[in-house]
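> Sequence first, predicted model second:
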2 protein chains.
Amino acid sequence: MSEVRINEAIDTLKQSGVRITPQRHAILEHLIQSMTHPTADEIYKSLEGKFPNMSVATVYNNLRVFKEVGLVKELTYGDASSRFDCVTTEHYHIICEGCGKIVDFHYPGLDEVEALAESVTGFDVGHHRMEIYGTCPDCRSNKTKIS
Amino acid sequence: MSEVRINEAIDTLKQSGVRITPQRHAILEHLIQSMTHPTADEIYKSLEGKFPNMSVATVYNNLRVFKEVGLVKELTYGDASSRFDCVTTEHYHIICEGCGKIVDFHYPGLDEVEALAESVTGFDVGHHRMEIYGTCPDCRSNKTKIS
DNA sequence: ACACTATTTATAAATATTACAATGTAAGAA
DNA sequence: TTCTTACATTGTAATATTTATAAATAGTGT
């Protein structure tokens, strides 16, 4: 279960010399257990019960720490809030333009494209980002009902 | 030259029933001629000379109009300013993590990935976004000099 | 136990973008 | 042409996300 994954994550943190505070544990737990890709504010709000006087800054700080260690990826969306994704296996995201839902889907990894880009542009390639946009089944059926 | 492309873009706008104001013409011209992918603020600043009392809001408004017509794509980067890219041929971007430079590079288009995502998730796929991150030749040579 | 460092908190600040009301401008009808 | 109406622009205020900072707190090692 997610127990295992939390412990793995904590080990990773310890190995990087990051202290495990109660707040960090809770944020990590929330990230791993929630199947959504929460925003910083969603995490903050969902932990208000357990930590009535936790600060939003703490959430942001620790998400940055997790990012630096490589446990978490930030998905940026312009003016809107970033969403945070606990990195486990290699996967991409498909995003519903109707309701904003984000669904994971697996794909081999676009190594070819990286290689080509590298040779064409002379860059040293580090990583890439890919997202697919569309309409999820729920939103599609809602649309057809209306029309 | 870019003359042609500007006229094509203006035709597209006219066909969509969008008025061609001096400001719109200038923003469009700047987008097409500049090989960079400017931010709204960069466009605003670069047109201050010609239009001393143009408002930033005008730039944002018209970029939205251009986006709706499909002439322009917005590249969002979290908290940082969005950049705007005049859509011409199908291409992707490689972005330098050192200096922020964005370089275009052409690639066949990831139709396969879209198809797979569609069948796996049940979404109706509309479009996708892909970006590659790395270090550009300039930044790489700067780094080696220092070390 | 003590000194030192990392972390959290609370608040203020920075920044990008949007909303809104007022003014200006262009296109069509009379 | 002149009136009317709809669209554009301007200027400013508001919103929202994220970061910076300083003070308070907790944890670690000697």
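Great, that's in hand.
> pLDDT score for the residue nearest to A:T88 when sequence neighbours are not counted?
Leaving aside its sequence neighbours, A:T88 sits nearest to A:R5 (Cβ to Cβ, 6 or more residues apart in numbering or on different chains; 7.1 Å). For every residue, glycine as well, the C-beta is placed using N, CA and C. Looking at A:R5, its pLDDT is 85.
> hang on, A:R5 in a helix?
Yes. Counting by DSSP: H, G, I helix; E, B strand; the rest coil, A:R5 is found in a helix.
> That one: neighbour count?
A:R5: 16 surrounding residues under other Cβ atoms under 10 Å in any protein chain shown.
> ok, now which ones touch it?
A:32, A:86, A:88 (Cβ atoms under 8 Å, 6 or more residues apart in numbering or on different chains).
> Work out for me the element the nearest residue to the second one once chain neighbours are set aside sits within.
Using Cβ to Cβ, 6+ apart and skipping the chain neighbours, the partner closest in space to A:C86 is A:L31 (4.6 Å). Assignment of secondary structure by DSSP states H and E places A:L31 within helix A:22-33.
> list the helices and strands that helix packs on?
helix A:2-15, helix A:40-46, helix A:56-69, strand A:80-86 (3 or more Cβ pairs under 8 Å, 6 or more residues apart in numbering or on different chains; DSSP states H and E).
> ok now the first one, how far from the chain's centre?
So the one you mean is helix A:2-15. 16 Å (Cα atoms, centre = their mean, to the nearest Å).
> cool, the third one as well?
Averaging C-alpha coordinates over helix A:56-69 and over its chain gives two centres that are 12 Å apart (Cα atoms, centre = their mean).
> before we move on, what about the last one?
Offset of strand A:80-86 from its chain centre (Cα atoms, centre = their mean): 5 Å.
> who touches it?
Counting by Cβ under 8 Å, 6+ apart, A:5, A:9, A:31-32, A:37-41, A:43, A:63, A:66, A:71-77, A:93, A:102, B:78-79 sit against strand A:80-86.
> These also near DNA strand D: which ones?
When contact is defined as Cβ under 7 Å from any atom of the strand, the contacts of strand A:80-86 meet DNA strand D at A:39-41, A:76, B:78-79.
> lowest-confidence helix or strand of chain A?
Sorting the helices and strands of chain A by mean pLDDT, DSSP states H and E puts helix A:137-146 at the bottom, at a mean of 70.
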